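Undergrad: sequence first, then the predicted structure:
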Amino acid sequence: MTDAVREEIEGVDVVRYADLDPTVDVRAIAGVRIYDVGQGDAICVLDHEGKPFLQIDYGGKFGHPFRARDAAARRMPLDGVRLMMLTHWDEDHWCSAAKNKATLDLPWLVPRQRTSPRAARFSATVRGIHCIPESDVHTSIAFEAVNRDCILFEKIDPMPAANQIEDCNRTGVAFAIVNRNKEAILLPGDAPYDKVKLFGTLQANGVKLRAIVAFHHGSRKHWTQATRAHLRAWKGAAGTRCRIFSYGEGNTYDHPTRGNYDGLRGVWTTLETPDLRMAGRHHVDILF
Ligand SMILES: [Zn+2]
């Protein structure tokens with residue numbers, strides 16, 4: 001994350017988001033699927049038939065389950081996926097893409113960041129890679145299904161000057177999947193919730209929390225009083241809410257710090273990806 005050498009990822013700015021819109025003919029959004037990738041994230045968004053159509057991150061670092069050559073492709077299939085997006089360029093959020101060449105045939109929409117040379121080299125191999133223009137930082141962009149369920153995303157901060165070390169967690173893209181009943185599944189990547197303008201707007205507009213995929217896998221990093229206050233004040237959706245921690249078994253890096261999530265309103269279930277593996281499962285779905 002703080003490599004001394006940083007390089008800018010390769011990609012042209014997107015001209016029209018509509019050209020990459022993965023929701024064309026998607027009648028409704030059923031929810032999201034969270035894959036067990038060990039340390040890191042890989043999440044896909046499910047259509048009205050429960051089929052993936054958008055992939056958000058394709059990571060898996062420490063404790064990943066991809067031993068066999070084709071394991072990433074088998075466990076995280078991309079049939080029907082129309083677009084790859086990344087929350088940010090830290091390795092645990094993209095590195096399994098290098099193990100599945102099918103990712104290279106898809107269009108990508110990513111944040112422009114100055115990151116590890118390895119990530120920059122990989123980005124140069126993706127032919128259809130597009131960056132969110134820096135002029136769109138702090139702007140919420142929507143891909144909308146036929147019934148108006150939507151995927152909202154926002155690049156939360158600009159790329160810093162070239163002589164500064166970029167913390168990719170703080171300059172990446174955060175997502176919210178919001179259904180027409182005004183319930184949200186928050187996918188912040190590793191961005192602190194209170195730094196995401198979009199999340200504040202949703203909360204102010206009365207959108208209720210349905211689920212959270214814990215930022216920075218629940219660790220202490222970037223956790224502030226403002227983050228705690230922001231989440232505690234947010235009303236939950238009806239029924240049981242879900243929080244998910246995605247990390248590698250036996251971690252020593254304090255992911256998750258589950259106590260951070262104590263005190264949230266309402267009734268929550270907690271899922272941790274190592275438990276999925278113990279149960280012989282590759283993923284868990286959160287449906288609205
Ligand atoms: Zn991460």
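TA: That came through, no problem. Computed from a predicted model, the values in this text were never measured in an experiment.
Undergrad: what does the protein put close to the ion?
TA: Counting by CB under 5 Å from the ion, the chain comes close to the ion at D92, D190. C-beta: built from backbone N, CA, C; applies to glycine.
Undergrad: what residue of the chain is the furthest out?
TA: N163 (27.5 Å; CA atoms, centre = their mean).
Undergrad: give me phi/psi at that one?
TA: phi -90, psi 0 (degrees, to the nearest 10).
Undergrad: in terms of helices and strands, where is the most centrally placed residue in the chain?
TA: A centroid search over the chain (CA atoms, centre = their mean) returns G189, at 4.3 Å, as the residue closest to the centre. Under DSSP states H and E, no helix or strand contains G189.
Undergrad: list the contacts for it?
TA: Contacts for G189 were tallied using CB atoms under 8 Å, 6 or more residues apart in numbering; they are D41, D57, T87, H88, H93, N169, G172, V173, A174, F175, F215.
Undergrad: hmm, 6 Å instead?
TA: T87, H88, G172 (CB atoms under 6 Å, 6 or more residues apart in numbering).
Undergrad: looking at it now. What's its pLDDT?
TA: Listed pLDDT for G189 reads 94.
Undergrad: quick check: pLDDT value at the closest residue to it other than its chain neighbours.
TA: Spatial nearest neighbour of G189, excluding adjacent residues (CB to CB, 6 or more residues apart in numbering): T87 at 2.6 Å. Looking at T87, its pLDDT is 98.
Undergrad: do you know how far T87 is from V213?
TA: From T87 across to V213, the span is 10 Å (CB to CB, to the nearest Å).
Undergrad: who has more neighbours out of those two?
TA: Using other CB atoms under 10 Å, the more surrounded residue of T87 and V213 is T87, with 30 against 26.
Undergrad: and that one, what does it touch?
TA: Neighbour list for T87: D57, H93, G172, V173, G189 [criterion: CB under 6 Å, 6+ apart].
Undergrad: now with 8 Å, please.
TA: 41, 56-57, 93, 111, 172-175, 187-191.
Undergrad: SS state for it?
TA: coil (DSSP: H, G, I helix; E, B strand; the rest coil).
Undergrad: just checking, what packs against the lowest-mean-pLDDT helix or strand in the chain?
TA: Using mean pLDDT, DSSP states H and E, helix 225-233 stands out as the lowest-scoring helix or strand of the chain, at a mean of 86. Helix 225-233 sits against helix 197-204, with contacts defined as 3 or more CB pairs under 8 Å, 6 or more residues apart in numbering; DSSP states H and E.
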